[in-house]
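J.: What follows is a predicted structure for the sequence shown.
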Amino acid sequence: MRGFLFLFARIGAGARGFTGLALGCVALLGASGCPINPPSFVPDLNPATRFFQVRYRYVTGDQPFALAVADLNHDGRNDVITANRGSNNISVLLRRATGAFAGPVHSAAGTAPSALAVGDLNKDTFADVVVAANSSDDVHVFLNDGTGALAAFGQEGLLTGSRPFGIALADFNEDTELDLVTADSGTGTVSIMFGAGGGDFALPELVPIGDNPRWVITGDLNNDTHADMATANYDSNDVSVLFGTGEGTFQVVVRFAMGQNPRMVVAADLNRDTIPDLITTNAGSRDISVRLGVAGFFFGPQTRFLLDNVPSRFVMADFDRDNLLDLATLLYSDEETPQPLGALDVLYGNGDGTFDNARTFGAGMGALDIAAAMMDSDNLLDLVSAETADDAIAVLYGNSAQPFETDERFAVGERPRVVARGDFNEDDAQDLVTLHLDSGDFSFLEGRGDGTFEAERRVNVSGTPRALAVGLINNDNHLDVAITDLANSRVSLFFGRGDGTFQAERFVGVRAPDNDKTAEPRSIFLADMDDDDHLDLVTGNANTDSVAIALSNGDGTFQPAAEFFCGNFPLDVRIAEFNGDGQLDVAVTNGTDPDATQGTPPRVNTLFGNGDGTLDEESRTAYSTGNLPRGLALGDLNRDGFVDAVTVHETGSQVFILRGQDEGRLSAGQGLSCRAQTIGVVLADLNDDDFPELVTVQESGTVCVQINRRSFSFSLPIEFKVGARPVSLVLGRFDSDATPDLAVADLDADAVEVLLGE
């Protein structure tokens with residue numbers, strides 16, 4: 001990956017120096033990306049070029065809570081309608097021939113619109129829309145004029161039972177007019193309104209149905225040609241079914257137990273017997289319930305499929321094109337007050353009413369509703385999600401090789417902080433290792449060579465693990481792992497065996513022999529600091545305000561560490577050759593000591609190497625950068641032969657660029673505005689033009705790429721959804737093509753997300 005390594009091209013140590021740095025994969029915090037004064041997201045700014053398999057986002061009203069997909073103007077392209085709880089309206093986004101959406105058109109729709117349904121209410125062949133408003137207890141009708149414009153029918157909403165959370169259309173009395181039903185969570189009823197034609201409806205008939213119904217569906221559930229309905233009852237843990245007679249009346253309510261707190265119900269034929277089956281997502285029991293339909297008025301025994309997270313709204317479709325129905329459900333955290341995880345589980349159907357184990361993919365921040373439809377011309381199913389945190393919809397395009405063009409997730413230990421890559425089992429496929437804050441271990445994930453990974457294998461780590469690096473430490477040609485121990489002033493070494501396993505843990509001190517203070521090594525880099533063909537250990541020791549260098553003996557043992565003053569509280573350490581003398585130099589970011597009464601200004605410090613494993617402390621130079629710098633990346637951004645530095649910071653939404661100058665100097669940092677809080681940064685040449693792009697990870701759950709336009713100018717951001725709380729990023733090639741891929745450690749999801757490059 002030429003662009004990822006090119007920043008070391010000026011190292012005078014020849015092949016030895018280049019190899020040492022190339023293998024010195026480092027991580028304190030990972031990557032993160034930043035735009036220069038980015039505009040707000042509007043349809044025309046969605047990028048046409050995708051470096052990774054990306055989701056496209058389009059703005060809506062505030063807090064979109066529900067969505068529907070339909071071809072509103074008969075142009076052969078599916079459009080999107082959202083119900084927006086925050087702005088009390090609906091948004092219509094018409095699909096253009098270019099594939100993008102026109103800007104949203106809004107219409108008021110009561111207070112807190114929460115559900116919508118689509119159907120031809122006035123028989124003009126164009127799809128109309130009905131919306132249930134949860135807080136104003138009413139339904140609003142919008143008629144389509146044929147161009148996709150929706151006009152409110154009547155001045156006031158149609159009253160329903162209390163707090164309608166679901167809505168559906170069907171012809172219950174078979175008079176060719178669509179009727180309407182809502183699931184009223186506050187009164188435990190359904191409100192049935194018979195259509196009078198032209199968009200008008202009769203007054204509602206309220207029927208008791210269950211405790212806190214949160215969803216309603218309509219359809220022929222028993223194959224008698226008459227429309228029926230079913231509700232998911234959140235508090236009574238069941239589904240209620242009303243079988244229709246075709247005359248506008250219904251049989252007595254029949255209730256079927258499901259899992260705890262069913263959030264949504266769908267009827268679909270899972271076992272290909274032509275009889276609809278009932279499926280619910282159960283928030284309280286974190287599972288999926290299936291009851292197979294039986295001829296007549298009954299559904300069979302319940303089967304449950306446990307998930308790792310809380311399922312919410314879902315959609316059924318054949319995502320993997322095997323002619324069997326699959327299920328995709330949005331996920332929430334398992335907390336007293338669950339929050340959207342920015343992820344969805346896909347369960348692939350076996351055709352007999354069962355599913356394979358779930359595979360987890362990325363979804364949007366705050367994604368609350370989901371639909372499956374063909375959104376482009378490739379005849380592949382795509383996913384559309386309503387993302388309340390971003391006030392947007394997102395489109396995930398179907399892929400001929402995989403179900404969705406987005407990240408796939410692989411479970412690791414608790415609160416992964418760092419991710420790094422390498423071929424640890426020597427099968428020519430890149431593997432991953434992650435370091436975890438809470439479980440005291442690291443995970444090895446064996447790459448399959450197709451962008452997916454085997455289940456993790458855990459390795460325990462002593463002490464308080466903080467930062468991780470990989471490289472050929474003991475010169476046996478097998479990749480090894482080095483991990484700093486924050487509490488014990490040392491590094492733990494795990495020598496690889498070449499098969500994906502590791503020898504027993506060994507320790508190397510990173511505190512000078514005459515120093516009795518705890519070092520607190522918060523970062524680590526592997527590099528050949530004395531030009532002897534062996535990788536040495538370099539750590540940033542926060543409590544001793546030093547860079548420590550432990551020189552390798554070439555056999556996995558090390559000389560006692562030497563410490564060199566590098567300014568206050570070093571957080572991140574990086575190695576490059578700054579001053580043109582052929583010797584490796586050091587750069588660190590300096591934060592504020594939490595134990596100090598008065599902190600020093602935020603800095604980047606550089607120290608020049610002497611070529612013998614020592615640093616010239618008199619050469620130390622401090623450069624101003626943004627407040628509380630934490631992450632650091634080095635590279636030649638403008639190809640002038642000088643190493644530049646990029647920093648990210650604990651507060652604020654900026655990165656700072658410190659331009660390289662002659663004699664190894666840097667300029668003061670110049671801030672670039674970011675859309676969101678940045679967590680880390682890497683530099684990588686993604687478009688093969690020898691100029692590295694800015695790739696940053698953002699607290700908003702995205703990786704952001706900015707194309708290098710040269711002369712320290714960068715493009716508008718291209719964003720990729722990667723999870724709930726990404727903290728570290730590594731670029732590599734995880735499948736068989738030549739394009740770089742991304743792997744991101746997700747602190748809150750206990751997972752690694754992988755985005756394959758296109």
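T.: Arrived safely. Keep in mind that this is a model prediction, so the values were computed, not measured.
J.: okay, now G342: neighbour count?
T.: Number of residues near G342 (other CB atoms under 10 Å) recorded here: 30. All C-beta spots, glycine's among them, are computed from the backbone N, C-alpha and C.
J.: Apologies, that question was intended for A295.
T.: 10.
J.: So for stretch 548-560, what gets flagged as buried?
T.: Applying a neighbour-count criterion of 16 or more other CB atoms under 10 Å, one finds 548-552, 556, 558 buried in stretch 548-560.
J.: now do stretch 66-73
T.: So, applying 16+ other CB under 10 Å, buried residues of stretch 66-73: 66-73.
J.: mind listing which of the buried residues of stretch 548-560 are in strands?
T.: In strands, defined here by DSSP state E, the members of those are 548-550.
J.: Just the closest of those to P629, please.
T.: Minimum distance to P629 across those is 19.8 Å, recorded for A548 (CB to CB).
J.: Can you verify my assumption that that closest one contacts T539?
T.: Yes: counting by CB atoms under 8 Å, A548 does reach T539; the two are 4.8 Å apart.
J.: follow-up on the earlier one: using TSV, lay out the buried residues of stretch 66-73 together with pLDDT and secondary structure.
T.: Converted to TSV, the buried residues of stretch 66-73 look like this (pLDDT from 0 to 100; DSSP: H, G, I helix; E, B strand; the rest coil):
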residue	pLDDT	secondary structure
A66	90	strand
L67	88	strand
A68	91	strand
V69	90	strand
A70	91	strand
D71	93	coil
L72	95	coil
N73	95	coil
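J.: Could you single out the nearest of these to A151?
T.: L72 (12.4 Å).
J.: follow-up on the earlier one: which pair of the buried residues of stretch 548-560 spans the longest distance?
T.: Going by CB to CB, the pair spanning the buried residues of stretch 548-560 furthest: A548 and G556, at 18.0 Å.
J.: What is the nearest of the buried residues of stretch 548-560 to G660?
T.: Closest to G660, out of all of those and judged by CB to CB, is I549, at 23.0 Å.
J.: quick one, what contacts that closest one?
T.: 529, 536-538, 561-562, 564, 613-615 (CB atoms under 8 Å, 6 or more residues apart in numbering).
J.: mind redoing it with 6 Å?
T.: 529, 538, 562, 613 (CB atoms under 6 Å, 6 or more residues apart in numbering).
J.: thinking again about what came up before, mind putting the buried residues of stretch 66-73 into a markdown table with distance to A743?
T.: As requested, the buried residues of stretch 66-73 are exported to a markdown table (distance: CB to CB, whole Å):
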| residue | distance to A743 |
| --- | --- |
| A66 | 33 |
| L67 | 30 |
| A68 | 35 |
| V69 | 32 |
| A70 | 37 |
| D71 | 38 |
| L72 | 40 |
| N73 | 42 |
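J.: Report the distance from stretch 268-280 to the chain centre.
T.: When distances are taken as CA atoms, centre = their mean, to the nearest Å, stretch 268-280 is centred 32 Å away from the chain's centroid.
J.: Identify the residues contacting that stretch?
T.: 221, 232, 239, 258, 262, 265-267, 289-293, 299, 316, 325, 351-353.
J.: just stretch 612-628 next, same as before
T.: Contacts for stretch 612-628 (CB under 6 Å, 6+ apart): 529-530, 549, 551, 564-565, 567, 591, 602-610, 647, 649-651, 654, 656, 658, 666, 668-669, 671.
J.: Repeat the analysis, applying 7 Å as the threshold.
T.: For stretch 612-628, contacts defined as CB atoms under 7 Å, 6 or more residues apart in numbering pick out 529-530, 536, 547, 549, 551, 562, 564-567, 586, 591-592, 601-610, 647, 649-652, 654, 656, 658, 665-666, 668-669, 671.
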